[in-house]
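1. coords please:
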Amino acid sequence: ATVAPRVLLCAPSNSAADVLASRLAAMLDALLERLHSKPPAWLDDDADAEARLDADTLLRLNPPSRAIAEVPVGILRFCHQVDGCFATPPLERLRSFRIVVCTCVASALLAVPTADGDDVARPFTHVIIDEASQALEPEALLPLSLGKAGASILLAGDHKQLGPSLRSNFCRERGLGQSL
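-> Numbering: from 1, shown residues only. Predicted coordinates:
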């Protein structure tokens, strides 16, 4: 059986993650039309997958502390909210998304141990960090630790642009200001 791809797409900042989610959202309709017209092998293996594909394709995961007004209107439909605040979806719902977009730090919300000791994020077949040169090593390690064994990893970024920002002298003195 072919494994259905699940992608964790991260960036160091909310604004960068919002741009990624906005671009994906703009392409989503064309992508779904293509998948429905010529389903890949992993879609054929799951009888219910095609029906769920539209609703379970993209999640823009935000921390509960983020204000809804900060998020571009075009991606709010991909964000999980409870009582007017951002929230992490329930475990089964979280496992259903094919693409999760979040900040590197917010990816820690995905590392929720379950009763069986499994980790919700382990099914990610691909982990991508955009603007990786702006991420500090500790924050970049969070999403990198969430891929399953053998996951494809992609770090994208221009080392000649902005470097990582660290405001804590305590952390800087202990070597945590280094980018990947």
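2. Just give me the longest helix of this structure.
-> As assigned by DSSP state H, the longest helix anywhere in the chain is helix 14-37.
3. Give me the three-state assignment for H126.
-> strand (DSSP: H, G, I helix; E, B strand; the rest coil).
4. so how far is V71 from it?
-> H126 is 24 Å from V71, where distance means CB to CB, to the nearest Å. Using the backbone N, CA and C atoms, a C-beta is placed for each residue, glycine as well.
5. try L31
-> On the measure of CB to CB, L31 and V71 end up 22 Å apart.
6. Compare the two (neighbour count), which wins?
-> Neighbour totals were compared for L31 and V71, and V71 leads with 21 against 14 (other CB atoms under 10 Å).
7. I'd assumed D18 was in contact with that one.
-> Yes - proximity of V71 to D18 meets the contact threshold set by CB atoms under 8 Å, at 6.5 Å.
8. where does L162 land on pLDDT?
-> pLDDT, L162: 61.
9. let me fix that: G175
-> Listed pLDDT for G175 reads 72.
10. Go ahead and report the secondary structure state at it.
-> coil.
11. Have a look at the chain and report its longest strand.
-> Using DSSP state E to define each element, the chain has its longest strand at strand 147-155.
12. Tell me the strands beside that one, with direction?
-> Sheet pairing of strand 147-155 (DSSP bridges) gives strand 124-129 (parallel).
13. So what's the residue count around L155?
-> 15.
14. Pull the number of nearby residues for the closest residue to it other than its chain neighbours.
-> Spatial nearest neighbour of L155, excluding adjacent residues (CB to CB, 6 or more residues apart in numbering): A132 at 3.9 Å. If you count neighbours by other CB under 10 Å, A132 ends up with 23.
15. Just checking, which helix or strand of this structure averages the lowest pLDDT?
-> Taking mean pLDDT, DSSP states H and E as the measure, the chain has helix 49-53 as its least confident helix or strand, at a mean of 48.
16. My guess is R66 contacts Q81. True?
-> No - counting by CB under 8 Å, R66 sits too far from Q81 to count as a contact (10.8 Å).
17. so what sits against both of these two?
-> Shared contacts of R66 and Q81 (CB atoms under 8 Å, 6 or more residues apart in numbering): none.
18. coming back round to it: ok, now how distant is the residue nearest to L155 from A140?
-> On the measure of CB to CB, A132 and A140 end up 6 Å apart.
19. T57 now?
-> On the measure of CB to CB, T57 and A140 end up 25 Å apart.
20. who's more crowded, those two?
-> More crowded of T57 and A140, by other CB under 10 Å: A140, with 23 against 18.
21. Checking the more buried one next. Helix, strand or coil?
-> Per three-state DSSP, A140 ends up helix.
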